[in-house]
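Asks: pasted the sequence and its predicted model underneath.
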Amino acid sequence: MIVKYFGLILTLLTLASCLEKQSDDKINIPSKSKGKLFIIGGGDRTPELMSSMIQQAGLKAGDFIAVLPMAGEEPDSSFWYFKKDIPVQSNIKCINLNFADSTRNFSSMRDSLRMAKLVFICGGDQSRFMKVVQKQNIHSLIDEVFSNGGMIAGTSAGAAVMSEVMITGDQKKDTAYSATYALIETNNAQYSKGLGFISNGIVDQHFVTRSRYNRLITAMMDFPKMAYGMGVEEETAALIQKDRCTVVGKGPVMLITTKKKIKLKGELIDNAHFDLSIYGPGQSFKLP
């Protein structure tokens, strides 16, 4: 009988230890699950799209939008056009944090970035943007906004930087820039490291308008361990919180996934089974 009760006590203690460990695991959940992403596929930033972004960010009186325009060839112009697209009735203040301009007070700008509830990354060249981010060491500040429950938004190049694996848009075998890829083949596309808010997927933009199916499928071939490739159309946003995505705007968000290993013949596909899911405005779905 004593042995029986000892066994029961030992089982309860083990269960309690497991529960305590699970509780610790919950405490140590990566902070990147707290905020929201608002990923715009480029094109016009309609009043409806901008209003939705502001509403979803939960901005209140006194809050402001920190605009990072460094992807653009003329960053200050990028800021001006962004500010112009904000609905007047929102009464939201926008701050131009151009970290590419060495004449500005970076210390003050860093403080402003840290306190923002919404960070917006303008379009242009994603590689140019990430070089400035690395040079000025502001990646951790953008992460901090997200960790504190803020929103990170971006359009075009500002969408491409959201994933850890970032498509640069350049090709190794065709040095002349093209909006799409003529072939689906490995060892051609060029990648760099993005902000990493999406670690198990790859984001592409202007998706339907510029027929970037070949490009995203190529990325899935190059990174077969990725759970999905996401293509966001122009005038459309993928609103992401934790593992849920909602389509906002006029066009679709497309998801490319594969459950079988991709077989290659040299650098070309020999056998592949992709699933293509198309989600329209207002639809919500769980990310893989």
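Replies: Sure, I can see it.

Asks: return the alpha-carbon coordinates of stretch 116-128 using CSV.
Replies: Only the C-alpha atoms of stretch 116-128 are listed here, as CSV (Å, rounded to 0.1, in the frame of the first residue of the first chain):
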residue,chain,number,x,y,z
ALA,A,116,5.9,54.6,-32.1
LYS,A,117,2.8,52.5,-32.1
LEU,A,118,2.9,52.2,-35.9
VAL,A,119,6.0,52.0,-38.0
PHE,A,120,5.6,52.3,-41.8
ILE,A,121,8.2,51.3,-44.3
CYS,A,122,8.0,53.0,-47.7
GLY,A,123,8.6,51.4,-51.1
GLY,A,124,11.7,51.5,-53.2
ASP,A,125,14.7,49.1,-53.0
GLN,A,126,14.5,46.6,-50.1
SER,A,127,18.3,46.0,-50.2
ARG,A,128,18.9,49.8,-49.9
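
Asks: under the pLDDT cut-off, which ranges of the stretch 1-150 of the chain? List them.
Replies: 1-33 (pLDDT under 70).

Asks: the same query, at a cut-off of 80, please.
Replies: The stretch 1-150 of the chain contains residues with pLDDT under 80 at 1-33, 89.

Asks: ranges for the strands of it?
Replies: 36-40, 64-68, 93-96, 118-121 (DSSP state E, counting those that start in this stretch).

Asks: turn the ones you listed into a markdown table, columns for distance to Ala238 and mean neighbour count.
Replies: Quick note: C-beta positions are derived from backbone N, CA and C, even for glycine. Output for the strands of the stretch 1-150 of the chain, formatted as a markdown table (distance: least, Cβ to Cβ, whole Å; neighbours: other Cβ atoms under 10 Å):
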| stretch | distance to Ala238 | mean neighbour count |
| --- | --- | --- |
| strand 36-40 | 4 | 26 |
| strand 64-68 | 19 | 23 |
| strand 93-96 | 22 | 16 |
| strand 118-121 | 14 | 26 |
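
Asks: of those strands, which is nearest Phe223?
Replies: strand 36-40 (18.4 Å; Cβ to Cβ).

Asks: so which residues of the stretch 151-288 of the chain form strands?
Replies: Secondary structure of the stretch 151-288 of the chain (DSSP E, counting those that start in this stretch): strands located at 151-155, 165-171, 189-193, 201-205, 228-232, 236-241, 244-249, 253-257, 263-265, 268-271, 275-279, 284-286.

Asks: quick check, distance from the last one to the centre of its chain.
Replies: What it means is strand 284-286. Averaged C-alpha coordinates place strand 284-286 at 16 Å from its chain's average position (Cα atoms, centre = their mean, to the nearest Å).

Asks: in its sheet, what does that strand sit against?
Replies: In the sheet, strand 284-286 lines up against strand 244-249 (antiparallel) (DSSP bridges).

Asks: likewise the first one?
Replies: Strands that pair with strand 151-155, judged by DSSP bridges, come out as strand 36-40 (parallel), strand 118-121 (parallel).

Asks: just send those strands back as TSV, with distance to Ser51 too.
Replies: Below are these laid out as TSV (distance: least, Cβ to Cβ, whole Å):
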stretch	distance to Ser51
strand 36-40	12
strand 118-121	13
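
Asks: quick one: closest of the ones you listed to Ile278.
Replies: With respect to Ile278, and counting by Cβ to Cβ, the nearest of the strands paired with strand 151-155 is strand 36-40 at 16.4 Å.
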